[in-house]
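Q: predicted model and sequence below, questions to follow.
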Amino acid sequence: MDTKRKIYKFQKKNREIYRPTIHKHGLLPTVKIVYGECAGCHVTDHIYGGYFCNEPNCDGWFHKECAEAPPEINHHPSHLEHPLLLTNDSQWRDRPCDCCGDNLLSPCYTCPTCEFKVDLVCGMKPPRPAIEHPMCHEHSLVFLKKGELEVPCEACKESIGGPSYSCLECHNVYFHLDCVHLSKEINDHPCHSSHPFKVVALESSLLADNQDAEKKSCHFCEKLLLEKMMYYHCSVCNFTVCFGCTKKPPPLVVEDTKTHEHPLTLLSSKITFTCNICGIKRAEDIAPYICLACNFIAHRLCIGIPRVININRHDHRISFTHHLGRLGTKCGVCRRNVSQYYGAYFCSVCPEYIVHTLCAFDFNLWNCVELEGIPEKSEDIRPFKVVGHNLIRHFSHGEHTLTLLLNHTNVIPNDEAVQCEACVRPVRYGPFYRCTECCFILHEKCANLATKKRLFFIPFPYMLVYSSAGIVGCVLCRMLCAGFIYASHLPPTVHHFIDVHCGSLSEPFVHNCHLHPLYFYKIEEDRYCNACKSVQDKYMLKCDSCNYYLCLYCATLPEEIWHMSDEHPLTLSCDRNGSGEIWCDVCEAELDPIKLFFFTCSDCEVTLHVQCALGDFSRLMIGKSYIFSFKGRSFKVVLNNNNTRPFCSHCHSRCKVPVILKDNNKDNGYICSLSCLSSCLGIKFV
C-alpha cells in the first residue's frame with residue numbers, strides 16, 4: 001500500500017498519474033469539457049477539468065475526484081470494522097453494492113476480510129441514512145436501496161433507476177440522491193447571481209415567456225427540456241438551467257495557456273459569435289468562454305483541444321495553430337475553404353495540407369490520442385528483407401527466397417490461372433517476384449505493400465496479413481477476396497477486413513473515366529454509384545466539382561483485362577460520346593455506355609459488361625478450394641472456359657462469368673454468383 005501511494009504522488013508531480021486500482025494506463029489532467037460516462041463512477045454527465053487516458057483505443061475520461069480517489073478508506077459509515085481498499089478487479093462486476101444495491105462496476109471498494117463491497121461513489125460519498133430537514137421536502141427522508149421498479153423523482157420528475165430517498169409520511173414520494181439538496185429557489189447562483197432561480201414546470205414558463213416547447217433548453221448544456229420536466233428558471237432574463245447543471249455548473253474561470261495566454265471567463269449569456277478556435281459561427285450559442293482583454297471567445301467544447309494529433313487522412317502529424325494566416329487554402333478532409341483568421345491544423349512537412357479544427361476531431365479519422373511531447377517512433381513496415389541481388393525473403397513466404405524477374409512468355413505463359421498471391425490478378429506484365437523452389441508469385445508492386453497502414457475508414461491501424469487458404473468479405477467493395485488482406489482488430493469488438501485493392505486507394509484519386517479528382521466520403525444516406533448504379537451506404541469516392549459518386553468496387557476495377565472472347569486485351573471504358581446500340585458479347589443484352597462502365601477492345605469492337613467480364617469470384621485463387629466452416633461446405637474455384645457453359649445449381653441459368661465455383665461434394669454443382677452462393681448457404685457474406 002505504501003509503495004502505491006509513493007508511485008501515485010511521484011507521478012502526479014510529473015503531470016501524469018498512474019493508478020492501477022483506477023485504470024490500467026496512466027492518466028493525464030485536462031481542462032477540456034466533455035460529455036460522457038466517467039470510467040470511474042460510471043455516471044454520464046459533463047466532466048469539467050478531469051483526467052483522460054491517452055492510450056490508443058482506450059478513450060477513458062474521469063472526474064477529477066474519481067481519478068484521485070483514495071486507495072484506502074477507514075471507518076466507512078456502512079462498514080466501521082475494517083478498512084476498504086480500492087480495486088479494479090472485475091470479479092466483483094455486476095454484484096450488488098452493499099450500500100446502495102446498484103450493480104458494481106470496476107473500480108470499487110472492497111473489504112479483504114469479509115468481502116463487503118461498495119461502488120466508487122458510495123465509498124467516497126456514502127449517502128446519509130436519513131435527512132431530517134431536506135431542502136426539497138417538508139418531511140424527513142430516509143435512504144432506500146435500489147428497488148425492483150423505477151419510480152419518478154418528486155423534484156425533477158425523471159425516473160429513478162437506482163437508490164433513492166423516500167418520505168415515510170407521504171405515499172409514493174421519492175427523490176434522487178442529488179435532488180434532495182435542491183431548494184425551490186436559489187439565490188446568488190455562481191453562474192447567475194443577478195436574479196434568483198425558481199423551480200418551474202415546462203408548461204408554466206412557456207406560457208410566461210410565450211415560447212415553443214421545442215426551443216426550450218438548458219442554457220449551459222443545451223439539454224432539451226421535455227414535457228412536464230422541472231428546472232430552474234429566471235423569468236427576468238429568460239435564463240433556464242437544468243437540475244444537472246445547477247448541481248454541477250461549468251467552471252467560471254478556465255486557465256489553460258495552450259488554449260489562451262490569459263484566463264478565460266464564462267459568459268452567462270446566449271450570444272451569436274464565431275469561435276476563435278474552430279471558426280464556427282452559431283446563432284445564440286450556449287455560454288462561451290471569453291477574454292475581454294484580447295477579444296478572444298471560444299466554445300466550451302473547444303477549450304483544451306490537443307495541440308498535436310494524427311489523422312488517418314494524412315501520413316504526418318498535424319499541429320494546431322490559432323491563426324492560420326494563409327489565403328486560399330482548402331481543408332484536407334472536407335475540401336472547403338479554411339479561414340486565415342481562426343484556428344486550424346497544419347502539417348509542418350506538407351505546407352499545403354490544412355484541416356479544419358472540427359474536421360480533425362471526427363472519430364472516424366482521429367484515434368483520440370494527443371501526441372504533444374511524445375516523440376515519433378520510426379516503425380519498420382517493410383514487407384521483406386533483401387538477401388542478395390534481386391533476391392528477397394518476403395513475410396508471406398518466409399521459407400523460400402523470391403527472385404525478381406521480368407515477365408515474358410518464356411518465364412510465365414499468359415494463363416489466367418497464373419495469379420499473384422497478393423492481389424489475385426493474373427501475372428502478365430511488368431516485373432514480378434517468383435519463388436525459386438515453388439509456384440509462389442508476387443507482382444513487384446504487391447511485394448512492396450506496407451505491412452502496417454493507416455487507411456481512411458477507421459482510425460485504427462491496419463495490418464497486412466496473408467491468408468493462403470481462407471477468404472473474407474471486403475467491407476468496402478463487398479467482394480469475396482483471398483490473398484493479401486488489410487485487417488484491423490481494434491477495438492476487439494470490431495473486425496474490419498479490406499482487400500489490397502481498396503486498401504491501396506489514395507486521395508486525391510484520379511480515374512481515367514472522370515475529369516476531376518475524387519475524394520473519400522462517408523455516406524450518411526444511400527447513394528447511387530454513377531458507374532454501376534448500385535446503392536451504397538458506407539464509403540464512396542466523390543467529386544466535389546460535379547457531385548459525381550463512385551463506389552469502391554468500380555474504383556478498384558482493373559484498367560485492362562484478358563478475356564476468352566477476344567485475343568486482345570480489353571480496356572475499361574466509359575465512353576459517353578458513343579453513338580448507336582452496343583451489345584454485350586457474353587450475355588447479349590444491350591449495354592448503355594453513357595451510364596455504365598464496360599470493357600471493350602478498340603480493334604475488334606468487342607464489348608462486355610463489367611459483371612460479365614469479371615464476375616463475383618475474380619479475386620479468388622483459381623484451382624483452390626475454400627471451406628465455409630460454419631456450413632461445412634467446400635467449393636473449388638474453376639475457370640468457365642469449356643466449350644459448353646455449365647448450369648448454375650441454384651439459379652439454373654448458364655454460367656456466363658469467367659470464374660465460377662464448383663461444389664466439391666456434388667457432381668455438376670456449379671455456382672455462378674455471390675447472390676447464388678449466399679442463397680445456397682443461407683448466409684450474407686458482407
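A: On my side now, so go ahead.
Q: quick one, domains of this structure?
A: 2-67, 72-124, 130-181, 185-247, 253-302, 384-447, 560-614, 625-681 (automatic domain parsing).
Q: helix/strand/coil for the closest residue to residue 627 other than its chain neighbours?
A: The shortest distance from residue 627 to any non-neighbouring residue, by Cβ to Cβ, 6 or more residues apart in numbering, is to residue 634 (4.8 Å). (Glycine included, C-beta is placed from N, CA and C.) Here residue 634 is recorded as strand under DSSP: H, G, I helix; E, B strand; the rest coil.
Q: pLDDT weak spots in the chain?
A: Across the chain, the ranges flagged by pLDDT under 70 are 1-15, 202-215, 227-228, 283-285, 407-416, 468-469, 489-494, 575-580, 629-631, 685-686.
Q: can you give me the helices in it?
A: 2-13, 64-67, 120-124, 202-209, 243-247, 357-360, 444-447, 500-503, 552-555, 610-614, 674-681 (DSSP state H).
Q: residues of the last one that come out buried?
A: Of the residues in helix 674-681, those scored as buried under the neighbour-count criterion (16 or more other Cβ atoms under 10 Å) are 674, 676, 677, 680, 681.
Q: just how off-centre is stretch 524-538 within its chain?
A: A distance of 21 Å separates the centroid of the chain from that of stretch 524-538, by Cα atoms, centre = their mean, to the nearest Å.
Q: span of stretch 298-316 from start to end?
A: End-to-end distance of stretch 298-316: 27 Å, with Cα to Cα, to the nearest Å as the criterion.
Q: same question for stretch 594-609.
A: For stretch 594-609, the end-to-end distance is 13 Å (Cα to Cα).
Q: what's it in contact with?
A: Residues outside stretch 594-609 that contact it (Cβ atoms under 8 Å, 6 or more residues apart in numbering): 513, 530-533, 554, 557, 561, 563, 565-576, 578, 582-587, 589, 591, 593, 610, 613.
Q: just the buried ones out of these, please.
A: Buried among these (16+ other Cβ under 10 Å): 513, 530-532, 554, 557, 561, 563, 565-566, 569-570, 572-574, 578, 582, 584-586, 591, 593, 610, 613.
Q: picking up where we left off before, and which of the buried residues of helix 674-681 is nearest residue 249?
A: Taking Cβ to Cβ as the measure, residue 249 sits nearest to residue 674 out of the buried residues of helix 674-681, at 57.0 Å.
Q: OK, contacts around the spatially closest residue to residue 510 that is not a sequence neighbour?
A: Using Cβ to Cβ, 6+ apart and skipping residues adjacent in sequence, the residue nearest residue 510 is residue 517, 5.6 Å away. By Cβ under 8 Å, 6+ apart, residue 517 lies in contact with 507, 508, 509, 510, 543.
Q: the same query, at a cut-off of 7 Å, please.
A: Neighbouring residues of residue 517 by Cβ atoms under 7 Å, 6 or more residues apart in numbering: 508, 509, 510.
Q: for the chain, what's the longest strand?
A: The single longest strand within the chain, with elements called by DSSP state E, is strand 462-473.
Q: centre of the chain versus it, how much separation?
A: Worked out by Cα atoms, centre = their mean, strand 462-473 lies 22 Å from the chain centre.
Q: relative to helix 674-681, how tilted is that strand?
A: 70 degrees (axes from the mean of the first three to the mean of the last three Cα atoms, to 10 degrees).
Q: quick one: list the elements packing against strand 462-473.
A: strand 480-488, strand 496-499 (3 or more Cβ pairs under 7 Å, 6 or more residues apart in numbering; DSSP states H and E).
Q: how near is the residue nearest to residue 627 to residue 665?
A: Going from residue 634 to residue 665 by Cβ to Cβ, to the nearest Å gives 7 Å.
Q: got it, and residue 307?
A: Taking Cβ to Cβ, one finds residue 307 at 61 Å from residue 665.
Q: so for residue 316, which of the helices and strands packed on strand 462-473 sits nearest?
A: Nearest of those to residue 316, taken as Cβ to Cβ: strand 480-488 at 20.5 Å.
Q: can you list contacts of the closest one?
A: Under Cβ under 7 Å, 6+ apart, the answer for strand 480-488 is 421-424, 446, 449, 453, 455, 458, 460-467, 471-474, 496-500, 503, 616-617, 619-621, 674, 685.
Q: partners of that strand in the sheet?
A: Looking at strand 480-488 with DSSP bridges, its partner strands are strand 462-473 (antiparallel), strand 496-499 (antiparallel).
Q: show me the contacts for residue 400.
A: With contact set as Cβ under 7 Å, 6+ apart, residue 400 has these partners: 435, 436, 437, 438, 440.
Q: likewise for residue 162?
A: 100, 102, 146.
Q: surely the residue nearest to residue 627 and residue 664 touch.
A: Yes. Assessed by Cβ atoms under 7 Å, residue 634 is found in contact with residue 664 at 4.3 Å.
Q: quick revisit: out of the strands paired with strand 480-488, which one sits most buried?
A: With neighbours taken as mean count of other Cβ atoms under 10 Å, these reach their highest mean count in strand 496-499, at a mean of 23.
Q: just how off-centre is that one within its chain?
A: The answer for strand 496-499 is 15 Å, by Cα atoms, centre = their mean.
Q: let's see that strand as CSV, backbone CA atoms only.
A: Only the C-alpha atoms of strand 496-499 are listed here, as CSV (Å, rounded to 0.1, in the frame of the first residue of the first chain):
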residue,chain,number,x,y,z
HIS,A,496,-12.6,-4.9,-40.5
PHE,A,497,-11.2,-6.7,-43.5
ILE,A,498,-10.3,-4.8,-46.6
ASP,A,499,-8.7,-6.3,-49.7
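Q: contact partners of it?
A: 455, 457-458, 462, 472-477, 479, 481, 485-488, 619.
Q: look through this protein and report the residue furthest from the middle.
A: Distance to the chain centre peaks in the chain at residue 169, reaching 51.4 Å (criterion: Cα atoms, centre = their mean).
Q: for that one, list the residues it contacts.
A: Counted by Cβ under 7 Å, 6+ apart, residue 169 has contacts residue 139.
Q: you'd agree residue 587 is up against residue 656?
A: Yes. Shown here, residue 587 and residue 656 form a contact pair, counting by Cβ under 7 Å, at 5.7 Å.
Q: who touches both of those two?
A: residue 612.
Q: any idea which residue is closest to the centre of the protein?
A: Central residue of the chain (Cα atoms, centre = their mean): residue 364, at 4.0 Å.
Q: can you give me phi and psi for it?
A: phi -80, psi -10 (degrees, to the nearest 10).
Q: give me the distance between it and residue 523.
A: Using Cβ to Cβ, residue 364 is found at 12 Å from residue 523.
Q: now residue 161
A: From residue 161 to residue 523 the distance is 37 Å (Cβ to Cβ).
Q: and what of residue 488?
A: Residue 488 is 20 Å from residue 523, by Cβ to Cβ.
Q: so what's residue 53 up against?
A: Counting by Cβ under 7 Å, 6+ apart, residue 53 makes contact with 23, 25, 27, 60.
Q: picking up where we left off before, so if I had to pick from residue 488 and residue 523, which one is more boxed in?
A: In terms of neighbours (other Cβ atoms under 10 Å), residue 488 is the more surrounded of residue 488 and residue 523; the figures are 20 against 15.
Q: which residues does the more buried one form a beta bridge with?
A: Using DSSP bridges, the bridge partners assigned to residue 488 are residue 496.
Q: measure it to residue 453 for me?
A: 10 Å.
Q: neighbours of the closest residue to residue 454 other than its chain neighbours, how many?
A: The spatial neighbour of residue 454 that comes closest, neighbours along the chain excluded (Cβ to Cβ, 6+ apart), is residue 312 at 4.3 Å. Counted with other Cβ under 10 Å, the neighbours of residue 312 add up to 20.
Q: what about residue 312, distance to residue 57?
A: 14 Å.
Q: for residue 294, same thing?
A: Per Cβ to Cβ, residue 294 is found 38 Å from residue 57.
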